[in-house]
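Trainee: Everything below, folded, please.
(one chain, ligands or ions: 2)
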Amino acid sequence: MPNTPTKALAPWLGVIADDYTGASDVAGTLVNAGMRVVQTFGVPDPAMQLHDVDCIVVSLKTRSLPAAEAVDQSRAAAHALSSRGVRQLYFKYCSTFDSTSEGNIGPVADALRSEFVPDGQITVVAPGTPALGRTVYNGVLFAGTDLLQESSMRHHPLTPMTDSNVLRLLQAQTATPVGSVGYSSIEAGVAAVRSRFQNLSAKAGYAVVDTLNDGHLAVLGAAVLDHPLVTGGSGLVGGLAAARGISGQPEPAPASRPTGPAAVIAGSCSEMTNVQIDTFRRLRPCFVVDPAIIAAGQNVVAEALQFARENIPDGPILIHSTATPEEVARTQKQLGKARAAEITESSLSTIAEGLVASGCRQLIVAGGETSGAVVRRLGITTARVGREVSPGVPWLATETSPGLSILLKSGNLGTPELFLDAWDHNR
Ligand SMILES: Nc1ncnc2c1ncn2[C@@H]1O[C@H](COP(=O)(O)OP(=O)(O)OP(=O)(O)O)[C@@H](O)[C@H]1O
Ligand SMILES: O=C(O)[C@@H](O)C(=O)CO
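Mentor: Ligands and ions are numbered 1, 2, ... in the order given. Okay, here's the model as predicted:
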């Protein structure tokens, strides 16, 4: 018998994630639900070997691109996944709905809907991820106990979130009408949700779903099990996995369990990253990369690598551009938002490249845009997803740079001690 892949062996879920840390978040959630997962960086080439997996997570860096480019890349990812036989596509965006009025959640979802969703079928919009403290109540998004617009996300350097109403946020980005499904329908069970979808589909293309707890995700997962396209944060993939009867017994990833020099690179300016850096700084050495100083011509990259050479033999080190909202605002005013980001991402990537070239084998990168820039510079295209260090934060065993483990941490995820104790989870 020729050894040709059959439809039965195809992964059932194909995820298109709009940033690299968000991709790791959803990949870790799937591993936690008992799946074998591979994460690709960029659209997988048809020749790429992605065997023995239940799920492929494609990491894109489309959250802050012009909408047309984000749409093109997301479409290409969807086609690549479809041609590998996946039965369901999942468009993963941030649980805090990071976007602007131009997009890119609406434009990408519209493009995927137009190709993959039958006329008249509603598409679910589910940012709510209770494990990360993100809940949706009457269409309004909360981060912990704060309204999204009153959370630290209002200061985000690239996508400041100043409204909490998901219907309004999405409607600003799409001509397709947006409706909602309230928690009382969800508590009434799968049939009630399906019937609400049916009624809504006469006047809307999207349904923003309330999500207060994991029980709601379980009902929603069952209600959208046969939808060709689902959109949301990482939470709903757990509901989908449970509805497929796969739950909770993670296979250890076939990681090479590397030891060796360890470093954190942080370009995230999110609140939790700031806390994690303060916690690390008390015990281990840190080096600050300031984009304004780089723009003034100082060779900060060389200084950072010198710092690494001197300190990495004694244990993990941290190199960061992470700054407070006030400092970021000052730098952006001086350099412009795009140039500040470009200088920072490019410098941190060069530093990461230097670290790996000189033997670093365990690398944590904090921040989605930052992770995108670093992983690209390192030329990593695929990784097997290992166990989570904390919700949404798994180690990845890179397949393109054997022996190198990376952990891509979303800005607000992880515990305050993560940069100190994540290494233990990689043994
Ligand atoms: N000191 C700084 N001044 C101005 N911009 C900065 C500074 N440090 C980092 N940046 C930029 O801020 C952006 C931070 O976004 P990034 O996606 O990396 O982090 P995040 O939003 O916290 O992470 P996530 O998307 O995973 O939640 C990057 O483009 C980064 O280059
Ligand atoms: O959904 C989340 O909160 C994260 O995966 C993320 O995308 C942060 O940028």
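Trainee: average pLDDT across the host helix or strand of Ala27?
Mentor: Assigning secondary structure by DSSP states H and E places Ala27 in helix 20-32. Mean pLDDT, helix 20-32: 95.
Trainee: for stretch 383-393, same thing?
Mentor: 92.
Trainee: For the closest residue to ligand 1 within the stretch 1-150 of the chain, which residues are in contact?
Mentor: Taking CB to the nearest ligand atom as the measure, the point where the stretch 1-150 of the chain comes nearest ligand 1 is Thr21, at 3.7 Å. Quick note: C-beta positions are derived from backbone N, CA and C, even for glycine. Residues near Thr21 by CB atoms under 8 Å, 6 or more residues apart in numbering: 365-368, 371, 408-411, 413.
Trainee: of those, closest to Val86?
Mentor: Nearest to Val86 among the contacts of Thr21, counting by CB to CB, is Leu408 at 22.3 Å.
Trainee: Val365 is in contact with that closest one, correct?
Mentor: Yes: using CB atoms under 8 Å, Leu408 is in contact with Val365, at 5.4 Å.
Trainee: Common neighbours of those two, please.
Mentor: 21, 371, 375.
Trainee: So for Leu408 and Val365, which sits in the more crowded spot?
Mentor: Leu408 (33 against 28; other CB atoms under 10 Å).
Trainee: quick one: strands adjacent to the stretch of helix or strand that one belongs to?
Mentor: Per DSSP H and E: Leu408 is located in strand 405-409. Note on strand 405-409: by DSSP bridges, its sheet partners are strand 362-366 (parallel), strand 393-398 (antiparallel).
Trainee: any chance of the contacts of Thr21 in CSV, plus pLDDT and distance to ligand 2?
Mentor: Shown next, in CSV, are the contacts of Thr21 (pLDDT from 0 to 100; distance: CB to the nearest ligand atom, whole Å):
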residue, pLDDT, distance to ligand 2
Val365, 98, 13
Ala366, 97, 11
Gly367, 95, 8
Gly368, 92, 5
Ser371, 96, 10
Leu408, 97, 10
Lys409, 96, 9
Ser410, 94, 4
Gly411, 93, 6
Leu413, 94, 6
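Trainee: Make a markdown table from these and add distance to Cys94 to it.
Mentor: As requested, these are arranged in a markdown table below (distance: CB to CB, whole Å):
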| residue | distance to Cys94 |
| --- | --- |
| Val365 | 17 |
| Ala366 | 15 |
| Gly367 | 12 |
| Gly368 | 8 |
| Ser371 | 13 |
| Leu408 | 14 |
| Lys409 | 14 |
| Ser410 | 8 |
| Gly411 | 9 |
| Leu413 | 11 |
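Trainee: mind listing what the closest residue to ligand 2 within the stretch 101-250 of the chain touches?
Mentor: Ligand 2 sits closest to Gly233 of the stretch 101-250 of the chain, with a gap of 4.3 Å, by CB to the nearest ligand atom. Contacts for Gly233 (CB under 8 Å, 6+ apart) come out as 25, 92-95, 126-129, 132, 134.
Trainee: and if you look at Asn412?
Mentor: Counting by CB under 8 Å, 6+ apart, Asn412 touches 96, 132, 143, 152-153, 270-273.
Trainee: Could you list the contact residues of the protein toward ligand 2?
Mentor: 19, 21-22, 25, 94-96, 98, 129, 132, 233-234, 368, 392, 410-411 (CB under 6 Å from any ligand atom).
Trainee: that older thread, tell me which of the contacts of Asn412 fall in strands.
Mentor: Of the contacts of Asn412, the ones assigned to strands by DSSP state E are Ala143.
Trainee: Out of the contacts of Asn412, which are close to ligand 1?
Mentor: Within those, those near ligand 1 by CB under 6 Å from any ligand atom are 270, 273.
Trainee: Same list (the contacts of Asn412) but as CSV, adding pLDDT and neighbour count.
Mentor: Shown next, in CSV, are those (pLDDT from 0 to 100; neighbours: other CB atoms under 10 Å):
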residue, pLDDT, neighbour count
Thr96, 96, 26
Leu132, 95, 22
Ala143, 96, 22
Ser152, 89, 19
Met153, 91, 24
Ser270, 91, 24
Glu271, 91, 17
Met272, 95, 19
Thr273, 96, 26
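Trainee: Quick one: end-to-end length of stretch 385-395, please.
Mentor: Stretch 385-395 stretches 6 Å from its first residue to its last (CA to CA, to the nearest Å).
Trainee: Can you name the residues in contact with it?
Mentor: 24-32, 37-39, 57, 129, 131-132, 234, 250, 252-253, 255, 396-397, 405-407, 409-410, 413-415, 418, 421-422, 425-426.
Trainee: Using ChimeraX, define a selection of the buried residues within the residues you listed.
Mentor: For the buried members of these, the matching ChimeraX selection, counting by 16 or more other CB atoms under 10 Å, is:
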select :24,25,26,27,28,29,30,31,32,37,38,39,57,129,131,132,234,250,253,255,396,397,405,406,407,409,410,413,414,415,418,422,425,426
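Trainee: Nearest residue to the closest residue to ligand 1 within the stretch 251-400 of the chain in space, please, no chain neighbours.
Mentor: In the stretch 251-400 of the chain, the residue that lies nearest ligand 1 is Gly367 (2.4 Å; CB to the nearest ligand atom). Using CB to CB, 6 or more residues apart in numbering and skipping the chain neighbours, the partner closest in space to Gly367 is Ser268 (3.1 Å).
Trainee: Now do the contacts for the one you found.
Mentor: By CB under 8 Å, 6+ apart, the neighbours of Ser268 are 322, 366-368, 370, 409-411.
Trainee: ok, now Lys203?
Mentor: Going by CB under 8 Å, 6+ apart, the list of residues near Lys203 reads 177, 179.
Trainee: Can you check the pLDDT for it?
Mentor: For Lys203, pLDDT reads 96.
Trainee: Mind naming the longest strand for the chain?
Mentor: strand 382-390.
Trainee: buried residues in that strand?
Mentor: 382-390.
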